[in-house]
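*Asks:* turn this into a structure:
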Amino acid sequence: MKKVSLNDLNHRIESNRKEANRQIAESRNGRRKRSKPRSKGEKEALDIISVKRWKKAEEEGLIKRLGNRKLYYDHRSSN
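*Replies:* Residues are numbered from 1 along each chain as shown. Just a heads-up that it's a prediction; the model follows:
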């Protein structure tokens with residue numbers, strides 16, 4: 001088995017870091033998943049924003065009832 005010194009290992013890691021990060025970034029599809037859990041205040045703020053956005057869409061007639069438990073939200077017309 002080949003022995004590798006810690007300094008050699010650190011040098012190899014540093015010399016290949018840019019290329020490795022580039023390959024990882026290229027292979028990633030879409031958005032990055034959020035790794036940090038949201039705080040209570042952030043959750044509450046997002047809930048309030050969502051409810052206001054939904055009520056505004058209702059007022060503008062962008063939400064259509066398709067059945068008892070089915071709704072259609074025409075999100076493209078909201079902007």
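*Asks:* in this protein, where's the longest helix?
*Replies:* The single longest helix within the chain, with elements called by DSSP state H, is helix 6-27.
*Asks:* and that one, what's buried?
*Replies:* Neighbour counts using 16 or more other CB atoms under 10 Å place no residue of helix 6-27 among the buried ones. Backbone N, C-alpha and C define where each C-beta goes, glycine included.
*Asks:* quick check: mean pLDDT across that helix?
*Replies:* Mean pLDDT, taken over the full extent of helix 6-27, equals 87.
*Asks:* after that helix, which helix or strand is next?
*Replies:* Towards the C-terminus, the helix or strand next in line after helix 6-27, according to DSSP states H and E, is helix 40-59.
*Asks:* could you export the longest helix of the chain as PDB, CA atoms only?
*Replies:* What follows is the C-alpha trace of helix 6-27 in PDB, where atoms were taken according to Å, rounded to 0.1, in the frame of the first residue of the first chain:
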ATOM      1  CA  LEU A   6      -0.700  14.800   4.700                       C
ATOM      2  CA  ASN A   7       1.000  17.700   2.900                       C
ATOM      3  CA  ASP A   8       0.900  15.800  -0.400                       C
ATOM      4  CA  LEU A   9      -2.800  15.000   0.100                       C
ATOM      5  CA  ASN A  10      -3.600  18.700   0.900                       C
ATOM      6  CA  HIS A  11      -1.700  19.800  -2.200                       C
ATOM      7  CA  ARG A  12      -3.600  17.400  -4.400                       C
ATOM      8  CA  ILE A  13      -6.900  18.500  -3.000                       C
ATOM      9  CA  GLU A  14      -6.100  22.200  -3.500                       C
ATOM     10  CA  SER A  15      -4.800  21.700  -7.000                       C
ATOM     11  CA  ASN A  16      -7.900  19.800  -8.100                       C
ATOM     12  CA  ARG A  17     -10.500  21.800  -6.200                       C
ATOM     13  CA  LYS A  18     -11.500  24.200  -9.000                       C
ATOM     14  CA  GLU A  19     -12.000  21.400 -11.600                       C
ATOM     15  CA  ALA A  20     -14.000  19.300  -9.100                       C
ATOM     16  CA  ASN A  21     -16.300  22.200  -8.200                       C
ATOM     17  CA  ARG A  22     -16.800  23.000 -11.900                       C
ATOM     18  CA  GLN A  23     -17.700  19.400 -12.700                       C
ATOM     19  CA  ILE A  24     -20.200  19.300  -9.700                       C
ATOM     20  CA  ALA A  25     -21.800  22.600 -10.800                       C
ATOM     21  CA  GLU A  26     -22.200  21.400 -14.400                       C
ATOM     22  CA  SER A  27     -23.800  18.100 -13.300                       C
END
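*Asks:* no further questions, thank you.
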